[in-house]
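> Next come a sequence and a model predicted from it.
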Amino acid sequence: MSLDRRQFLAWGTAAAAGAALVPGLRLIELAQARSPQEAASALQRWGLLIDITKCTDCEVCVTACHEENGVSGHGRPETDAQWIRKVSLRDKRTGYAQALPLMCQHCEHPPCVDVCPTGASFRRDDGIVLVDKHTCIGCRYCVMACPYGARSFVHEAVSGQKPDVPRGKGTVESCTLCVHRVDRGEIPACVEACNRDGGNAMAFGDLNDSCAEIRGRLRREHSSQIRADLALNTGVRYQGL
Amino acid sequence: MASIHYREIDGCSRGFYALLGGLGLLVAAGLGAAWTMEHQGHYVTGMSNRIVWGTPHVFAVFLIVAASGALNVASVASVFGRDLYKPLARLSGLLAVTLLAGGLAVLVLDLGRPERLIVAMTHYNFKSIFAWNIFLYIGFFAIVVLYLWTMFERRMNCYSGRAGLVAFLWRLILTTGTGSIFGFLVAREPYNSALLAPLFIVMSFSFGLAIFVLVLMAACRGSGRALGDVLLKRLRNLLGVFVATVLYFVAVYHLTNLYIARQHEVERFILLEGGVYTALFWGGQVLVGGIVPLALLFAPAASRSRGAIAAAAACVIAGGLAQLYVLIIGGQAYPQMMFPEKEVASSFFDGVVAAYVPSLPEVALGVGGIGLALALTVLALKVLPFLPVSLADGGVDSAAA
Amino acid sequence: MMRFAAAVLAVVLSVAGIAGARETRASRVAMPVIKIENGEACVAPAEEMRRDHMTFLLHQRDRTLRQGLREPRFSLKNCVDCHASRETGSVLGQEGFCSSCHAYAAVSMDCFECHTPLRRSGAARARR
């Protein structure tokens, strides 16, 4: 069989392209399985996709989160910390009712990070927004600045902290996307509980990974951000809002 | 120009010690409140996860804004060359420093981790307007102290104009920054406005001058020094202009919001259905803080009465506190609009107007800040010659004013 | 005036001197109790740890928090797991490893406002 020039060029280009792409695919694969000695990298961006049409009256996500992170109440709902909460919506005109879990949205341009005077509120390279309790002075400006009301101030002394989740009086905290679990290769407690005991409404994954299931769903199905008008590019996306 | 003689107040009368003792008690109460809040946690206050900045912040922001405005009189003298105000420049600078000290003390003692103040002063996130404010406050202290030194030290008097200009510009930036603390926030409907920065500037003029007038009148009365009518008339007119300007900015802010359909709910809350916030807006901010002082200052019957000026200044202060209460606490009480056209409910008090009642520790801390500012002023007046011997009409060069 | 000041100074110094002579150092402040209950060595030599453990902690906490570097050997959890007392399971308390030295040296410790001072239950301990 003879190969004319055009065919040769076509095959050659395809082969070259393949050779160029393959190492890239390999890198992404390595980035996913991060060992404890590797730093968080901007190659990944962790996110959540929550389908609220599957969200019912249950609160397993809230219970699981607070259990995992040692967030216990003191019977004072106004000052007790809440890392995640169920919000019920009812359309004012039509009466259509929905419910959804609301937590830190892990924005790409977080207002809380912009306003923190000491830089304690920060965004890790892989997209998780955290509070550095070592530098937090407890000024609560980030609580004022968060459009989602995601942050809580710790109003009283804490005891019985989980070893993986330090928290203490006088600092501000919020959902960490279970960073201690994610760094071990696991998924956040709320997602695990929802998929095990709840409505299977929550998905977690790497928004930068084209092979990830969450990325595929975001590409094929409709999703939205809360307060998309603020252009914060949240890491938490909702379906059915 | 006749040279002005300054002298310390005697400060040995029983009234003086009683005043100092009373202010000391206020400071002690404030410190006690701060100790309680720090040791037990903020749950002992009325603040919550919805209302994170409460009564202490109302007082602190008031003092800080007034501190910037208190320097106005000195600026008018040094920067704009009005000789009539020159004798008042030292007291003006002193009040700027002491009011700021009082305000910052309240702010720092209310922090969740006040022992980390060193962290706040060494780790700066320069994207944060709050960090800029910390930087500007510290700089303001240094600049005003330097400015005062150029006024006290005879050999440095020629530099006081330049120092005054730097101080004037610095405090314009500082107050813009303070207003922007709220103006830069997208998260809350009543904030997020470029108008808040200039509003804070005119508020600073108004509150600062009101406090200045009251302290001046009290200091002159207490130390038996003459205070001329010409000077008081100028201060009265100035205060009236500032109060009117504040009313103007508030009117523009609300009229604009009323025009925008999306902002109707917020306006309905503040102007009509906000309960205590509506009462404080109309009764406190507009009536007591605006209309009553204007009547007291400009009505012909009141023009001769010193009591009217003092009452007007007191009303401006009360109205200012009400204004900041509506802004800071009302602004947080109003629910965040995450889901337009939906009724929202949750365990974290989304969708409802948050309840807030000022608690004793908060009020004690706020009032303690006022006590600290006044105590420092009183002590300084005794230790250094801030106050002219006489401000009577003849002694001051009114022709040049 | 000078004589008055001198008299006051003399009284103060003598009171302090008498008070000091009556008590011994040991009865005034408890010496630190250093119980190394786990036979393995620390992650660095004892002299180095004694002097520099705060520097290591400050450096490592930023690596863990800001960059996500979680070497198990250098985590605070690992320190606590190893140094926690056999009886109380904690590094605080009267004979706690951390608190007894810090109390003696009068250096206040902020760590355990937020971090748990308790050893993790057996299964999760990291091996060296």
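Yep, it's here.
> Next up, phi/psi of the residue nearest the centre of chain A, please.
In chain A, the residue lying closest to the centroid (Cα atoms, centre = their mean) is A:G47, at 4.1 Å. Note on A:G47: its backbone torsions stand at phi -150, psi 170 [degrees, to the nearest 10].
> residue contacts, it?
A:106, A:127, A:204-207, A:214, A:235-237 (Cβ atoms under 8 Å, 6 or more residues apart in numbering or on different chains). Heads up, the C-betas are built off the backbone N, CA and C, glycines and all.
> can you do 7 Å?
A:G47 makes contact with A:127, A:205, A:207, A:214, A:235-237, according to Cβ atoms under 7 Å, 6 or more residues apart in numbering or on different chains.
> what would those residues look like in CSV with distance to A:Q82 and pLDDT?
Putting those into CSV (distance: Cβ to Cβ, whole Å; pLDDT from 0 to 100) gives the following:
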residue, distance to A:Q82, pLDDT
A:G127, 22, 96
A:G205, 25, 96
A:L207, 25, 95
A:I214, 25, 95
A:G235, 19, 96
A:V236, 16, 97
A:R237, 21, 97
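> So which of these are in helices?
If you go by DSSP state H, the contacts of A:G47 have A:I214 in helices.
> Share the number of residues neighbouring A:C175, please.
27 (other Cβ atoms under 10 Å in any protein chain shown).
> Would you map the helices across chain C?
C:2-22, C:25-28, C:46-67, C:76-83, C:97-105, C:111-114.
> quick one: the most centrally placed residue in chain B from chain A, how far?
The C-alpha lying nearest the average C-alpha coordinate of chain B belongs to B:A66 (Cα atoms, centre = their mean; 2.5 Å). According to Cβ to the nearest Cβ, to the nearest Å, B:A66 and chain A sit 21 Å apart.
> Report whether the expected contact of that residue with B:V213 is present.
No. Counting by Cβ atoms under 7 Å, B:A66 stays clear of B:V213, with 11.7 Å between them.
> so what's in contact with the two at the same time?
Residues touching both B:A66 and B:V213 (Cβ under 7 Å, 6+ apart): there are none.
> domains for chain A, by residue range?
A:1-33, A:46-239 (automatic domain parsing).
> Of all those, which one is nearest C:T64?
domain A:46-239 (9.3 Å; Cβ to Cβ).
> ranges for the helices of chain A?
Here chain A has its helices, by DSSP H, at A:5-32, A:60-68, A:111-115, A:141-145, A:179-182, A:189-197, A:213-220.
> Mean pLDDT lowest where, among these?
Sorting these by mean pLDDT places helix A:5-32 lowest, at a mean of 61.
> Run through the residues that contact residue 191.
As the question left the chain open, I've gone with chain A. A:202-204.
> my bad, chain B
B:Y191 neighbours (Cβ under 7 Å, 6+ apart): B:182-183, B:185, B:331.
> okay if I get those residues as CSV plus distance to B:A251 and neighbour count?
Compiled in CSV, the contacts of B:Y191 are given as follows (distance: Cβ to Cβ, whole Å; neighbours: other Cβ atoms under 10 Å in any protein chain shown):
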residue, distance to B:A251, neighbour count
B:F182, 18, 23
B:G183, 18, 20
B:L185, 22, 24
B:G331, 18, 22
